[in-house]
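Asker: Sequence first, then the predicted structure, then my questions.
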Number of protein chains: 2
Amino acid sequence: MTTRDTGTEQLIKDTAKHLFFAEGKIHATTQEIADAAGVNRTLVNYYFKSRDILFDQVFNEAQESLVTTLDEVMDAPVPFKQKIEHLITVFLKEFGQFPYREVFIITQMNNNNVINAKKARVKRVEALLTEISIEMDKGTIKTMDPRHFLMNLFSLMAYPLVTSPLQKILFNMDDDGYAQLMEQRKQLIFETIFP
Amino acid sequence: MTTRDTGTEQLIKDTAKHLFFAEGKIHATTQEIADAAGVNRTLVNYYFKSRDILFDQVFNEAQESLVTTLDEVMDAPVPFKQKIEHLITVFLKEFGQFPYREVFIITQMNNNNVINAKKARVKRVEALLTEISIEMDKGTIKTMDPRHFLMNLFSLMAYPLVTSPLQKILFNMDDDGYAQLMEQRKQLIFETIFP
DNA sequence: CTCTTGTTTGACAAAATTGTTAAACAAAAG
DNA sequence: CTTTTGTTTAACAATTTTGTCAAACAAGAG
């Protein structure tokens, strides 16, 4: 009954997470996952019963972790402008590690039950939109549909990360150069959002 | 030797394109493609030899079509600002139809030979960056690294389209409402890019 | 040391997906 | 009408991927 905890279960999850979200190998085989983790393939079934269950578990945990991180930033008792600045830093750092995560969420949105998990976020988003409207009234940011403000912010942050493999090729840059470009980007996004 | 052209080959390609890029079913089975097209599965092999070949063909054609469209816009002999305005309109229209196309390009970039196909675009991009620099010198647009200008532009256009399923849920909107929001967005992007 | 039990492994079975082939079918040519 | 040839179909085979099971293994309990 007492678990010996060889760390194998966590190793498999971590490896799967890396393959899925860092390398973009969304449809990695159980064999590929096992190989990457350096364990026997059968262990995937032993610990997670099926590939789908491993899949869902990794997805949900990554999802919750991200949501928690963003919520913490937005709940901090600091002025709006400062909160957004912090958000940009945290978001770029977090997504730099797993650039394929959000793409994955989108592509999964067709078949699965992600929709229900997301509907729980609607009220949260509504509250955020209200907060943005208030800031517009105060004159902190340019007046527009607050939904556009949110879309602008996340567009400017996420898109360059999601498409980083493409950008590196088109701009003929290596990893260091791109990391540097993204570092500059923090300030630029902030200035674009708060002109 | 004379082909009878029952339209089946084109039907399969069109169906595959729709499944891949409009519905996001990137890994649709040959059976699923055939069912969606209303034809026998074997015809996929008859016309395209293998699923991979169908895959590559649909991908390349969609890619070429997009590149040609964007090139035409950027080669038009009109002032820069007007060109960008046209680009926004064309891009939003084109991507509204196949929101998953660019996501697909990214997720494929690991394993495949997409890289070589993309490297041919590097010079084109360099020329565009030069054009942007000149406009900055002229004062038409705010001075910054021209790569950021390009990233900003495409971020603001592409991200809301790529993530449209998610946005609809979070903002609690139906298709019409979202289409309306994207229509407003044209003007907003233009103003954000040219403050 | 022995027993218990969680862990790991290899062999096997099942399922899903893809590819091949021969025959049936249908439209155009003669 | 008959032949030709491109098209379509169903049955079969091959491959890939997933899931199951019994036995081997190893660490802690007694």
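Answerer: In hand now; what should we look at?
Asker: Pass me the low-pLDDT residue ranges in chain A, would you?
Answerer: When residues are selected by pLDDT under 70, those of chain A lie in A:1-3, A:109-117.
Asker: Just the element for the residue in it that DNA strand C sits nearest to, please.
Answerer: Proximity to DNA strand C, evaluated over chain A using Cβ to the nearest atom of the strand, is greatest for residue A:40 at 3.0 Å. In this view, the C-beta of every residue, glycine as well, is placed from N, C-alpha and C. Here residue A:40 sits in a region with no helix or strand, counting by DSSP states H and E.
Asker: OK, contacts around the closest residue in space to it that isn't next to it in sequence?
Answerer: Among residues not flanking residue A:40 along the chain, residue A:34 sits closest, at 6.3 Å (Cβ to Cβ, 6 or more residues apart in numbering or on different chains). Counting by Cβ atoms under 8 Å, 6 or more residues apart in numbering or on different chains, residue A:34 makes contact with A:12, A:40-41, A:43-44.
Asker: how about the longest helix along chain A, does it get close to DNA strand D?
Answerer: As assigned by DSSP state H, the longest helix anywhere in chain A is helix A:51-75. Yes - applying Cβ under 7 Å from any atom of the strand, one finds helix A:51-75 in contact with DNA strand D at A:51-52.
Asker: After that helix, which helix or strand is next?
Answerer: Following helix A:51-75 in sequence order, the next helix or strand is helix A:80-97 (DSSP H and E).
Asker: ok, and what's touching the following helix or strand past that next one?
Answerer: Where DSSP H and E defines the elements, the next helix or strand beyond helix A:80-97 is helix A:101-108. Residues from elsewhere that reach helix A:101-108, judged by Cβ under 8 Å, 6+ apart: A:20-21, A:24, A:26, A:59, A:62-63, A:66, A:95, A:114, A:158, A:162, B:24, B:26, B:100, B:103, B:106-107, B:162-163, B:165-166.
Asker: roughly how far is stretch A:149-161 from the heart of the chain?
Answerer: Put simply, stretch A:149-161 sits 12 Å off its chain's centre (Cα atoms, centre = their mean, to the nearest Å).
Asker: How far does stretch A:163-181 sit from its chain's centre?
Answerer: Stretch A:163-181 has its average C-alpha position 19 Å from the chain's average C-alpha position, going by Cα atoms, centre = their mean.
Asker: Touching that stretch from outside, list them.
Answerer: In contact with stretch A:163-181 (Cβ under 8 Å, 6+ apart) are residues A:96, A:99, A:160, B:102, B:105-106, B:109-110, B:115, B:118-119, B:121-122, B:125, B:145, B:147-148, B:151.
Asker: same deal with stretch A:84-93?
Answerer: For stretch A:84-93, contacts defined as Cβ under 8 Å, 6+ apart pick out A:69-70, A:73-74, A:76, A:78, A:153, A:157-158, A:161, A:182, A:185-186, A:189-190, A:193-194.
Asker: and if you look at stretch A:149-159?
Answerer: With contact meaning Cβ under 8 Å, 6+ apart, stretch A:149-159 is reached by A:84, A:87-88, A:91-92, A:95, A:102, A:125, A:128-129, A:132, A:136, A:141, A:185, A:189, A:192-193, B:151-152, B:154-156, B:158-160, B:162, B:167, B:185, B:188, B:192.
Asker: ends of stretch A:129-148, how far apart?
Answerer: One end of stretch A:129-148 sits 10 Å from the other (Cα to Cα, to the nearest Å).
Asker: And the contacts of that stretch?
Answerer: For stretch A:129-148, the surrounding residues in contact (Cβ under 8 Å, 6+ apart) are A:80-81, A:149-150, A:193-195, B:171, B:181, B:184-185, B:188.
Asker: Just the buried ones out of these, please.
Answerer: When the contacts of stretch A:129-148 are checked for burial by 16 or more other Cβ atoms under 10 Å in any protein chain shown, the buried set is A:80, A:149-150, A:193, B:171, B:181, B:185, B:188.
Asker: Among these, which lie within helices?
Answerer: A:80, A:149-150, A:193, B:181, B:185, B:188.
Asker: of all those residues, which comes closest to DNA strand D?
Answerer: Taking Cβ to the nearest atom of the strand as the measure, DNA strand D lies nearest residue A:150 of these, at 36.2 Å.
Asker: Same list (the contacts of stretch A:129-148) but as TSV, adding distance to residue B:54.
Answerer: Shown next, in TSV, are the contacts of stretch A:129-148 (distance: Cβ to Cβ, whole Å):
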residue	distance to residue B:54
A:80	51
A:81	51
A:149	42
A:150	39
A:193	43
A:194	48
A:195	48
B:171	36
B:181	35
B:184	38
B:185	34
B:188	39
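Asker: can you put the residues you listed in TSV and add distance to DNA strand C?
Answerer: What follows is the contacts of stretch A:129-148, written out as TSV (distance: Cβ to the nearest atom of the strand, whole Å):
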residue	distance to DNA strand C
A:80	47
A:81	49
A:149	42
A:150	37
A:193	44
A:194	49
A:195	49
B:171	33
B:181	36
B:184	41
B:185	37
B:188	41
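Asker: could you measure the residue of chain A closest to DNA strand C against chain B, distance?
Answerer: Taking Cβ to the nearest Cβ, to the nearest Å as the measure, residue A:40 falls 25 Å from chain B.
Asker: Then residue A:36?
Answerer: Taking Cβ to the nearest Cβ as the criterion, residue A:36 is separated from chain B by 14 Å.
Asker: is it true that that residue touches residue A:19?
Answerer: Yes - counting by Cβ atoms under 8 Å, residue A:19 is a contact partner of residue A:36 at 6.0 Å.
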